[in-house]
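Student: Below is the sequence, then the predicted model.
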Amino acid sequence: MRRPGPGWLVRAAMSPRFHAVIERIPGLRLKSRAEGRALFDVVSGFVQSQALLALVELRVLNRLADGPLSTSALALGADVPPERMAILLQSGAALKLLRHARGLWHLTPRGGAFLTVPGLEAMVRHHDVLYRDLSDPVAFFRGQTQPELARFWPYVFGAGGAADPALAARYSRLMTDSQGLVAADTLRLVSLGGTNHLMDVGGGTGAFLRAVAAEYPGLRLTLFDLPAVVAGAAPLPNLTVHAGSFRDDPLPEGADMISLIRVLYDHTDATVAALLASALRALPPGGRLLISEPMSGGAVPDPATDVYFAIYTLAMQTGRTRSAAEIAALLAAAGFTAIRPLPGPRPYVTSAITAQKPAG
Ligand SMILES: CC(C)=CCC/C(C)=C/CC/C(C)=C/C=C/C(C)=C/C=C/C=C(C)/C=C/C=C(C)/C=C/C=C(C)/C=C/CC(C)(C)O
Ligand SMILES: C[S@@+](CC[C@H](N)C(=O)[O-])C[C@H]1O[C@@H](n2cnc3c(N)ncnc32)[C@H](O)[C@@H]1O
């Protein structure tokens, strides 16, 4: 059978003559320029990210948070030749993180927001690992590399992989710092009203439960995570801490709601299916499950989640950024009902799904 060719608009976009014609039509010229700009951002995105990493590592944004500085002062403090620092600062201005006025560099609102979003600076700093993993993207996608990122998250190799308290503390800090926005968006999407006892499985050192406790005082809370991780959990009123592995141990019973925040996308379908079955067993009839994590856009690909998180979780080796429909299918297969996808206001922060154990 003959393959159908591309549609007419794609064929036109592939014709240099069409490009020339569009350039001569004012309304369409704007469209073509916007498309060119968007294409250039895709081509050059990796340089933007590396310029940001240099600004972070050289503490340029942090130093400007205390007030404006000259190029030479910033160059001296960062041990970078002034003429090279001028180029980095100009790129930071183009990214709208800084601005130049009256001979001095100032932080912009975007630069200030960058420093203020909890965990964002630490996230950018750990991107050096992912960047190295993607240095040969062809070999990476062929599965011919051993990505370093998997070693940053040692639990992907099983609970025993995360027995080292120092390694667990390093990844738990990154997760705790970046939990603020995730908890805020999750609790905006899902009401815990009517819940008596929430168990957060894979809850790290309890950052999500602390956010829950602030909004729902009096709620009973259980934190379940690996022993090396919960060792770093701070005490909280009404909190029971349970050390264990959801891959090897049954989940404790007693909670009428279980949450899995940024947990499923670390694991294979087989591990997720077993975890959901275990959650179903631990819940009472009518008990609720809450899943919250960045999700693939599925039929409507999302530039944040289907590029960044999908490739990030692939580099972890066992992970997969699933769409809400894929998670819903795993939930239905495990026996959950009343499955409700709740698209997040910031898909790059999180989206949620709730489900219920059948009441009968
Ligand atoms: C005119 C007016 C009134 C306003 C104009 C706008 C203005 C002046 C704004 C400035 C002030 C302001 C309020 C800004 C707010 C900005 C915010 C809230 C920005 C938030 C940005 C969040 C970002 C970029 C989040 C990034 C998250 C990342 C990179 C997460 C990575 C997570 C990973 C790698 C997780 C890994 C977990 C694993 C291993 C996969 O399980
Ligand atoms: C990406 S972190 C998310 C932490 C937290 N829920 C958050 O959003 O900040 C995944 C968590 O799952 C935990 N985890 C991984 N494998 C586990 C297992 N087999 N049993 C229990 N917890 C596990 C990790 O220790 C880690 O705390």
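Tutor: Received it, and whenever you're ready, just let me know what you need. Ligands and ions are numbered 1, 2, ... in the order given.

Student: any idea how far L239 is from L198?
Tutor: 10 Å (CB to CB, to the nearest Å). C-beta: built from backbone N, CA, C; applies to glycine.

Student: Common neighbours of those two, please.
Tutor: With contacts taken as CB atoms under 8 Å, 6 or more residues apart in numbering, L239 and L198 have 209, 221-222 as neighbours in common.

Student: Let me know the secondary structure of the residue nearest to L88 when sequence neighbours are not counted.
Tutor: Distances taken as CB to CB, 6 or more residues apart in numbering put A54 closest to L88, at 5.8 Å, once the chain neighbours are dropped. Classification of A54 by DSSP: H, G, I helix; E, B strand; the rest coil places it in helix.

Student: what about A54, how many neighbours?
Tutor: A54: 16 surrounding residues under other CB atoms under 10 Å.

Student: Residues touching stretch 211-225, excluding its own?
Tutor: Where contact means CB under 8 Å, 6+ apart, the residues beyond stretch 211-225 that reach it are 179-180, 183-184, 187, 192, 195-206, 209, 230, 233, 236-244, 246, 251-252, 254-255.

Student: Repeat the analysis, applying 7 Å as the threshold.
Tutor: Outside stretch 211-225, the residues that touch it by CB atoms under 7 Å, 6 or more residues apart in numbering are 183, 187, 192, 195-204, 206, 209, 230, 233, 236, 238-242, 244, 251-252, 255.

Student: Does ligand 1 have contacts with that stretch?
Tutor: No: using CB under 6 Å from any ligand atom, stretch 211-225 stays clear of ligand 1, with a minimum separation of 12.8 Å.

Student: Just the C-alpha atoms of that stretch, please, in CSV.
Tutor: In CSV, the C-alpha atoms belonging to stretch 211-225 read as follows (Å, rounded to 0.1, in the frame of the first residue of the first chain):
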residue,chain,number,x,y,z
ALA,A,211,1.6,20.9,54.0
VAL,A,212,-1.5,18.8,54.6
ALA,A,213,-1.3,19.3,58.4
ALA,A,214,-1.2,23.1,57.9
GLU,A,215,-4.4,23.0,55.9
TYR,A,216,-6.2,20.1,57.8
PRO,A,217,-5.2,20.2,61.4
GLY,A,218,-6.4,17.2,63.3
LEU,A,219,-6.1,14.8,60.4
ARG,A,220,-4.3,11.6,61.4
LEU,A,221,-1.2,11.1,59.2
THR,A,222,1.1,8.2,58.4
LEU,A,223,4.4,8.5,56.5
PHE,A,224,5.6,5.4,54.6
ASP,A,225,9.0,5.3,53.0
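
Student: re the thing from before, in helices, which of the contacts of stretch 211-225 fall?
Tutor: The members of the contacts of stretch 211-225 that map onto helices under DSSP state H are 183, 187, 209, 230.

Student: how about those in JSON lines, adding pLDDT?
Tutor: Shown next, in JSON lines, are the ones in helices among the contacts of stretch 211-225 (pLDDT from 0 to 100):
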{"residue": "A183", "pLDDT": "97"}
{"residue": "L187", "pLDDT": "98"}
{"residue": "L209", "pLDDT": "97"}
{"residue": "V230", "pLDDT": "94"}
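
Student: Which ones, among those, also lie beside ligand 2?
Tutor: Counting by CB under 6 Å from any ligand atom, no member of the ones in helices among the contacts of stretch 211-225 reaches ligand 2.

Student: Can you tell me which of the residues you listed lies closest to ligand 1?
Tutor: Using CB to the nearest ligand atom, A183 comes nearest to ligand 1 of the ones in helices among the contacts of stretch 211-225, at 13.5 Å.

Student: So that closest one sits against F208, correct?
Tutor: Yes: counting by CB atoms under 7 Å, A183 sits close enough to F208 to count as a contact (5.1 Å).

Student: higher neighbour count, these two?
Tutor: Neighbours per residue, other CB under 10 Å: of A183 and F208, the larger number sits with F208, 28 against 21.

Student: Which residues of the stretch 201-350 of the chain lie near ligand 1?
Tutor: Counting by CB under 6 Å from any ligand atom, the stretch 201-350 of the chain comes close to ligand 1 at 262, 265-266, 312-313, 348.

Student: State the distance from G67 to L104.
Tutor: Here the criterion is CB to CB. By it, G67 lies 9 Å from L104.

Student: Looking at the two, which is more packed in?
Tutor: For G67 versus L104, the count of surrounding residues by other CB under 10 Å is larger for L104: 15 against 9.

Student: can you give me phi and psi for the more buried one?
Tutor: Note on L104: its backbone torsions stand at phi -130, psi 160 [degrees, to the nearest 10].

Student: Next up, phi/psi of the spatially closest residue to L134 that is not a sequence neighbour, please.
Tutor: Nearest in space to L134, with sequence neighbours left out and distances taken as CB to CB, 6+ apart, is F140 at 5.9 Å. The phi and psi torsions at F140 (degrees, to the nearest 10) take the values phi -60, psi -50.

Student: picking that back up, let's see if you can find the most crowded of the ones in helices among the contacts of stretch 211-225.
Tutor: Greatest neighbour count in those, by other CB under 10 Å, goes to L209: 27 neighbours.
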